[in-house]
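S.K.: model the structure of this input:
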Amino acid sequence: MKWKPFGCEESCSNCAFDLVLHKGICYCPGGQFNISSSGCPSPSAASNSEGNTAGNKITIGVGIAVAGIVVILAILLIVGLRRLRNNKTENDRSAEAAFFRNYVSLAPKRYNYSDLKRITKSFSDKLGQGGYGDVYKGKLPDGRLVAVKVLKESKGNGEEFINEVASISRTSHVSIVTFLGFCYEKKKRALIYEFMPNGSLDQFTYDQESSNGNRTLEWRTVYQIAGGIARGLEYLHRGCNVRIVHFDIKPHNILLDEDFCPKISDFGLAKQSQDKKSTISMLHARGTIGYIAPEVFCRSFGGASHKSDVYSYGMMILEMAVGRKNADVKASRSSDIYFPNSIYKHIELGNDFQLDGVVTEEEKELVKKMILVSLWCIQTNPSDRPSMHKVLEMLEGRTGDLQIPPKPSLALPKKSAIQSSRTSSSTGIEEVMGEMY
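M.R.: The predicted structure follows:
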């Protein structure tokens with residue numbers, strides 16, 4: 001008779017006894033054994049144990065999968081940002097390479113940004129500021145005084161910088177400011193010009209504090225400045241191998257040297273035309289309020305062209321002659337804002353222009369000539385304006401040979417039948433000017 005521990009037959013396949021532990025051993029199916037006296041686990045308990053093990057495995061698997069997805073997304077994000085940064089850097093390099101390929105051969109010299117800091121003594125002497133940057137006084141190693149124009153960082157590829165370098169590099173004229181060099185280091189961009197000791201023309205055209213003229217220049221000097229600017233514009237329109245339209249002629253952009261000879265500056269808005277065609281395509285208006293030709297901000301007046309510079313020149317010369325700004329922002333009526341109207345009222349009444357400082361007959365003739373020439377230049381229709389070559393002939397000719405120009409039409413040109421069917425209202429140039437101011 002074979003001895004078996006108590007309860008072994010009911011649940012164990014084979015039984016044994018451990019002499020060391022003095023306990024029975026129960027060998028279970030599948031090779032499992034249990035030292036306890038409770039025998040082997042029941043089939044249901046075994047299945048529950050296997051289920052718990054499988055559930056744990058699923059939970060662990062899901063966790064690993066989620067962690068993997070997070071890691072993959074993080075890697076993709078890092079790669080994407082790095083690629084975007086590389087593309088932006090590559091674009092900057094491409095723009096810089098294109099700039100050097102097209103324009104550096106025309107420019108006199110390239111300077112590093114560290115050179116600019118040394119030339120300007122860390123930008124300590126600020127001469128002025130504009131919409132595109134600040135201007136500082138500096139000195140080159142050879143002792144020449146210069147004006148360093150540091151452009152503001154732009155979102156794009158610096159169109160105004162390229163425009164200025166592309167335009168000014170092609171010029172060489174006594175009435176165009178001399179371009180001496182540039183700086184192009186990533187977002188650091190600057191232009192170096194000859195220094196003009198007498199500043200800009202706006203300091204001498206009118207009193208900055210009021211609309212009353214504050215004449216500090218002799219009328220002969222004012223007249224010579226008007227002629228010098230005209231010669232500079234004629235050169236840009238006809239003398240270069242490409243036609244250059246400035247699009248921002250105003251007193252602030254006319255610099256004066258030690259002898260008060262004028263120099264046209266700031267070509268940031270300039271446009272070039274290889275074939276010297278009559279009109280220039282533009283996506284949006286450009287220029288300064290008060291000097292913008294009607295066709296530049298309203299296509300109904302015609303296409304923008306070199307005649308747009310003629311209009312700006314006429315407005316500026318009218319300011320120089322009358323000694324006040326062409327726009328009175330405090331005027332209650334739009335007709336008062338467009339101040340050439342008051343000039344025509346004097347002409348219609350046959351009155352002489354009683355201007356401060358006009359004493360001799362020669363001065364009266366010079367002022368009258370400037371006013372008549374300017375009124376021809378600001379004709380509403382571009383085709384009615386003279387070319388700058390004709391302007392020079394008028395300035396250098398006899399006053400008696402000048403006819404009184406017609407008063408500019410204040411109504412927009414007639415629209416086509418299609419456009420007229422869309423609107424029956426007409427807008428006068430006075431209203432357009434009023435809205436601009």
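S.K.: make it CA atoms for all contacts and neighbour counts henceforth
M.R.: OK.
S.K.: excluding chain neighbours, give the residue nearest to K109 in space.
M.R.: In space, and not counting its chain neighbours, K109 is closest to G181: 4.6 Å by Cα to Cα, 6 or more residues apart in numbering.
S.K.: now do the one you found: how many residues are near it, please.
M.R.: Residues lying near G181 (other Cα atoms under 10 Å) number 19.
S.K.: list the contacts of it.
M.R.: Residues in contact with G181 (Cα atoms under 8 Å, 6 or more residues apart in numbering) are 107-111, 191-193.
S.K.: contacts only, for the nearest residue to A285 once chain neighbours are set aside.
M.R.: Nearest residue to A285 in three dimensions, chain neighbours excluded: F297, at 5.1 Å (Cα to Cα, 6+ apart). By Cα under 8 Å, 6+ apart, F297 lies in contact with 284-286.
S.K.: report pLDDT for F297.
M.R.: For F297, the pLDDT comes out at 84.
S.K.: quick one, phi psi at it?
M.R.: phi -100, psi -10 (degrees, to the nearest 10).
S.K.: thinking again about what came up before, which members of the contacts of F297 occur in helices, if any?
M.R.: When those are checked against helices (DSSP state H), there are no matches.
S.K.: of those, closest to G232?
M.R.: Nearest to G232 out of the contacts of F297 is R286 (Cα to Cα; 20.3 Å).
S.K.: residues contacting the closest one?
M.R.: So R286 contacts 247-248, 269, 292, 296-297 (Cα under 8 Å, 6+ apart).
S.K.: against A166, how distant is the nearest residue to Y235 once chain neighbours are set aside?
M.R.: Spatial nearest neighbour of Y235, chain neighbours left out: H173 (7.6 Å); criterion: Cα to Cα, 6+ apart. According to Cα to Cα, to the nearest Å, H173 and A166 sit 16 Å apart.
S.K.: more neighbours, those two?
M.R.: A166 (22 against 15).
S.K.: and the more buried one, helix, strand or coil?
M.R.: helix (DSSP: H, G, I helix; E, B strand; the rest coil).
S.K.: hang on, the earlier thing: can you lay out the contacts of F297 as CSV showing distance to R231 and pLDDT?
M.R.: Formatted as CSV, those follow (distance: Cα to Cα, whole Å; pLDDT from 0 to 100):
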residue, distance to R231, pLDDT
H284, 28, 70
A285, 25, 71
R286, 23, 79
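S.K.: which of the residues you listed lies closest to Q203?
M.R.: R286 (23.4 Å).
S.K.: avg pLDDT for the one helix or strand K368 maps to?
M.R.: Per DSSP states H and E: K368 is located in helix 361-377. Helix 361-377 carries an average pLDDT of 92.
S.K.: just the buried residues of it, please?
M.R.: 363-364, 366-377 (16 or more other Cα atoms under 10 Å).
S.K.: I'd like the next helix or strand past that helix.
M.R.: Downstream of helix 361-377 (by DSSP H and E), the next one is helix 388-396.
S.K.: which other helices and strands does that next one contact?
M.R.: helix 219-234, helix 361-377 (3 or more Cα pairs under 8 Å, 6 or more residues apart in numbering; DSSP states H and E).
S.K.: okay if I get those helices as JSON lines plus distance to E393?
M.R.: Rendered in JSON lines, the data for those read as follows (distance: least, Cα to Cα, whole Å):
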{"stretch": "helix 219-234", "distance to E393": "10"}
{"stretch": "helix 361-377", "distance to E393": "10"}
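S.K.: closest one to D142 among those helices?
M.R.: Across these, closest to D142 is helix 219-234 (Cα to Cα), at 28.1 Å.
S.K.: partners of whatever helix or strand comes next after that closest one in the sheet?
M.R.: Later in the chain than helix 219-234, the nearest helix or strand by DSSP H and E is strand 243-245. Paired with strand 243-245 in the same sheet, following DSSP bridges, are strand 271-273 (antiparallel).
S.K.: what about the helices in the stretch 301-437 of the chain?
M.R.: 306-322, 334-337, 340-349, 361-377, 388-396, 417-422, 429-436 (DSSP state H, counting those that start in this stretch).
S.K.: okay, the angle between the first one and helix 340-349?
M.R.: To tie it back to what came earlier, the one meant is helix 306-322. With axes from the mean of the first three to the mean of the last three Cα atoms, to 10 degrees as the basis, helix 306-322 and helix 340-349 are set at 70 degrees to each other.
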